[in-house]
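[1] Sequence and computational prediction follow.
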Amino acid sequence: MPRLALLLILTPGAAFGQPLSQPSSAPTSQPASAPVQEDALTIEDPEDDGWVPPTAPAGAAPSPAGGASVEPGTTLSLKAQLRLAADTWHEGPRPGQPGGYHEDVMELHGQTLVTLDHRARRWLRLKVGGRLLYWLTTRRPGGSDDTFLLFNGSLHRNDLELDLLDTYAAVRATSWLDLTAGYATQVWGVTDLVNPNDVLAPRDLRFGAFLDPETARLPTTLVRAEAYLQRGLSAALYFLPVFTPHRLEMFGGDFSVLGPAAPAMIQGLGALFDGVLDDSIEGLAQDALIQTRRPRPFSDPGLAARVGWSGGGWDLLLCYAWIHERQPVLRIEKSVVPGLLPFLTSGSASGGALTDEQLAQVVGLLLRDPLPLESIFRRQHHAGLSVSGSIWELALNLDVAYQSRAAVPLGGVFPLAEDPDEPGWLATSVDSQTVAYTAGLTYTRGEEILVTLEWWHALQVDLMLDDDPPELLLGEPQSGGLALLLRYRLQRPVDLTFQLLAHTDVINRALILTPQVTYRRGDHLGVVVGVNLFEGSEESLPGRLDQNDQVFVGVEGYL
């Protein structure tokens with residue numbers, strides 16, 4: 001399945017809509033030692049100064065849970081967001097796209113996040129979280145001469161979701177061992193903007209520019225045991241019994257997998273589904289299409305391990321995971337492709353252009369038993385190294401990662417290739433060993449200035465060594481560039497925060513730029529105004545998404 005490089009766009013800290021509050025990973029004072037970001041399960045207590053259990057071995061690393069040093073109590077937090085965004089491209093289908101494909105041009109998103117954190121005992125922590133999410137999108141009707149005023153467009157999505165967020169129990173089993181079980185968010189790695197080691201947390205990639213890095217991450221079911229050993233050493237084992245994939249929109253939207261940034265024929269398949277299905281059931285149909293096959297709970301689990309060391313102002317983290325890739329690979333049975341080609345390669349991919357006879361033919365091809373179209377999640381090995389520390393007033397961060405098989409999307413006129421794992425099927429991607437690294441610097445001055453600069457580079461090793469590599473969606477078997485976050489806060493006479501987020505891919509000539517201004521009133525209310533810009537060649541993802549340039553305004557409240 002074409003990845004659309006949304007994992008790159010929405011990697012932690014690189015999302016277009018940054019949170020109105022200071023990111024949790026961003027230091028608020030001069031860095032003394034950049035801490036290793038581990039996961040969201042640690043109990044963060046402002047009164048905890050690195051407490052070590054009295055019975056712990058000499059030289060043991062402080063427990064990040066700090067469970068026995070925290071008095072029992074309950075904390076309730078509430079966060080609400082409302083955001084309206086409008087594309088600057090209002091011309092209906094883009095020239096050269098399959099006829100009838102309409103992009104979303106107005107998005108109204110709202111979400112409310114509630115967290116109840118209960119420390120039942122000095123050694124026991126219980127946490128429950130939930131999210132109520134609402135989104136409404138409209139798009140300009142093709143061929144309409146009426147003035148487009150956003151809300152008078154054709155309704156595309158109007159959905160309300162209730163999701164379970166971090167919900168788990170954390171126990172101090174002994175003075176040196178913590179146990180955690182439940183539904184929780186994991187964060188590996190130390191770099192903020194592009195983090196190749198952050199592989200345990202699935203993400204909600206349906207909204208493109210809306211979700212900030214913190215709320216884009218989703219929890220996953222896990223059992224974790226972490227031990228604090230001698231001389232600053234710690235180790236953790238993870239058991240992931242139930243697989244949780246990324247949340248994706250398959251077709252019909254700006255950032256859908258089969259949408260504007262996909263190769264023309266794959267885009268035609270998305271337009272075909274979008275035209276055949278009524279908007280009222282698109283959500284159900286997309287869920288079914290994205291998850292035609294999923295790893296079996298408990299009998300096909302994920303396993304992971306981590307070893308950490310802290311000392312001398314530096315932190316070192318080694319991690320390994322044997323998990324399924326959370327982005328599915330789309331496959332189609334070779335025998336049905338000739339029958340679909342007329343609808344994928346011509347303007348007849350438009351729902352409005354399909355006759356009753358053509359519609360019956362398409363439905364007959366796609367709804368055979370067994371289904372000729374499926375998505376699968378392939379298992380891979382991931383190994384990573386993270387290093388963080390500080391020199392003078394700069395925090396230094398490095399992440400290096402290796403993946404044994406990563407799905408690399410195909411491009412070109414016919415973006416399908418023989419699936420070596422399943423004869424008789426074609427896939428929208430090829431597998432390749434991948435090596436990626438990110439090196440970054442961060443400078444802060446109180447809450448006034450934050451500057452983060454990172455160089456990132458990813459290489460598809462197998463494709464680079466191949467004399468005749470397939471044509472890829474991003475044009476090259478490697479990508480790399482600079483990611484930059486600049487933030488300046490002016491607190492008087494009014495509280496304003498100016499922010500610039502830039503993400504470049506110099507190898508594939510691409511740029512994503514998001515300037516924004518945030519006004520805060522007290523500790524409970526913020527208003528943000530900004531722009532998302534995509535620039536690049538047609539071979540790059542941002543170049544394919546240039547019609548998704550948008551302006552946005554948002555309101556955020558805290559309790």
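    Ah, there it is.

[2] What pLDDT does the model give the residue nearest the centre of the chain?
    Taking CA atoms, centre = their mean as the criterion, Arg203 is the residue nearest the geometric centre of the chain, at 4.0 Å. According to the prediction, Arg203 has pLDDT 90.

[3] Who does it form a beta bridge with?
    Per DSSP bridges, the residues bridged to Arg203 are Arg217.

[4] can you give me the mean pLDDT across stretch 461-474?
    pLDDT averaged over stretch 461-474 equals 76, rounded to a whole number.

[5] right, I mislabeled it, should have said stretch 73-86
    If you average the pLDDT over stretch 73-86, you get 93.

[6] If we go by neighbour counts, what in that stretch is buried?
    Going by neighbour count (16 or more other CB atoms under 10 Å), the buried part of stretch 73-86 is 79, 81, 83-86. Glycine gets a C-beta too; all of them are placed from N, C-alpha and C.

[7] quick check, distance from it to the centre of its chain.
    Relative to its chain's centre, stretch 73-86 lies at 19 Å (CA atoms, centre = their mean, to the nearest Å).

[8] mind saving the C-alpha coords of it as PDB?
    Once non-C-alpha atoms are left out, stretch 73-86 reads as follows in PDB (Å, rounded to 0.1, in the frame of the first residue of the first chain):
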ATOM      1  CA  GLY A  73      -4.300  10.800  45.200                       C
ATOM      2  CA  THR A  74      -6.400  11.400  42.100                       C
ATOM      3  CA  THR A  75      -5.800  13.800  39.200                       C
ATOM      4  CA  LEU A  76      -8.400  14.700  36.600                       C
ATOM      5  CA  SER A  77      -7.400  16.500  33.400                       C
ATOM      6  CA  LEU A  78      -9.500  17.700  30.500                       C
ATOM      7  CA  LYS A  79      -8.400  19.100  27.100                       C
ATOM      8  CA  ALA A  80     -10.700  20.300  24.300                       C
ATOM      9  CA  GLN A  81      -9.700  21.300  20.800                       C
ATOM     10  CA  LEU A  82     -11.700  22.800  17.900                       C
ATOM     11  CA  ARG A  83     -10.100  23.400  14.500                       C
ATOM     12  CA  LEU A  84     -11.400  24.700  11.200                       C
ATOM     13  CA  ALA A  85      -9.100  24.300   8.100                       C
ATOM     14  CA  ALA A  86      -9.800  25.200   4.500                       C
END
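
[9] Let me know whether the residue nearest to the centre of the chain touches Leu248 as I believe.
    No. Distance between Arg203 and Leu248: 9.4 Å, which falls outside the contact criterion (CB atoms under 8 Å).

[10] that older thread, quick one: the residue nearest to the centre of the chain and Lys127, what's the gap?
    Using CB to CB, to the nearest Å, one obtains 20 Å as the distance from Arg203 to Lys127.

[11] what's the answer for Glu107, then?
    Distance check for Glu107 against Lys127: by CB to CB, it reads 31 Å.

[12] who has more neighbours, these two?
    Between Glu107 and Lys127, counted using other CB atoms under 10 Å, Glu107 has the larger neighbour count: 26 against 23.

[13] per-residue pLDDT, the more buried one?
    Predicted confidence (pLDDT) for Glu107: 88.

[14] who touches it in this structure?
    83-86, 135-137, 207, 210, 254 (CB atoms under 8 Å, 6 or more residues apart in numbering).

[15] from the residues you listed, which ones fall inside helices?
    Mapping the contacts of Glu107 onto helices (DSSP state H) picks out no residues; all lie outside.

[16] And those, which is closest to Arg544?
    Proximity of the contacts of Glu107 to Arg544 was ranked by CB to CB; the top entry is Asp254 with 11.1 Å.

[17] Assumed Leu463 was part of a helix.
    Yes. Counting by DSSP: H, G, I helix; E, B strand; the rest coil, Leu463 falls inside a helix.

[18] Contacts only, for the closest residue to it other than its chain neighbours.
    Counting by CB to CB, 6 or more residues apart in numbering, the nearest residue to Leu463 once its immediate chain neighbours are dropped is Pro477, at 3.6 Å. The neighbourhood of Pro477, defined by CB under 8 Å, 6+ apart, consists of 408, 432, 459-460, 463-464, 469.

[19] which of the residues you listed count as buried?
    408, 432, 459-460, 463, 469.

[20] hmm, back to that, farthest-separated two in the contacts of Pro477?
    Leu459 and Pro469 (12.0 Å).

[21] Mind jotting down where the strands sit in the stretch 351-500 of the chain?
    When secondary structure is read from DSSP state E, counting those that start in this stretch, the stretch 351-500 of the chain shows strands at 373-376, 379-391, 394-409, 417-418, 425-427, 429-445, 449-460, 478-490, 495-505.

[22] Take those strands and lay them out in a markdown table including distance to Arg217.
    Output for the strands of the stretch 351-500 of the chain, formatted as a markdown table (distance: least, CB to CB, whole Å):
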| stretch | distance to Arg217 |
| --- | --- |
| strand 373-376 | 22 |
| strand 379-391 | 17 |
| strand 394-409 | 16 |
| strand 417-418 | 32 |
| strand 425-427 | 28 |
| strand 429-445 | 17 |
| strand 449-460 | 18 |
| strand 478-490 | 18 |
| strand 495-505 | 17 |
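
[23] Which one, of the ones you listed, ends up nearest to Pro295?
    By CB to CB (comparing all of the strands of the stretch 351-500 of the chain), the closest turns out to be strand 379-391, at 7.8 Å.
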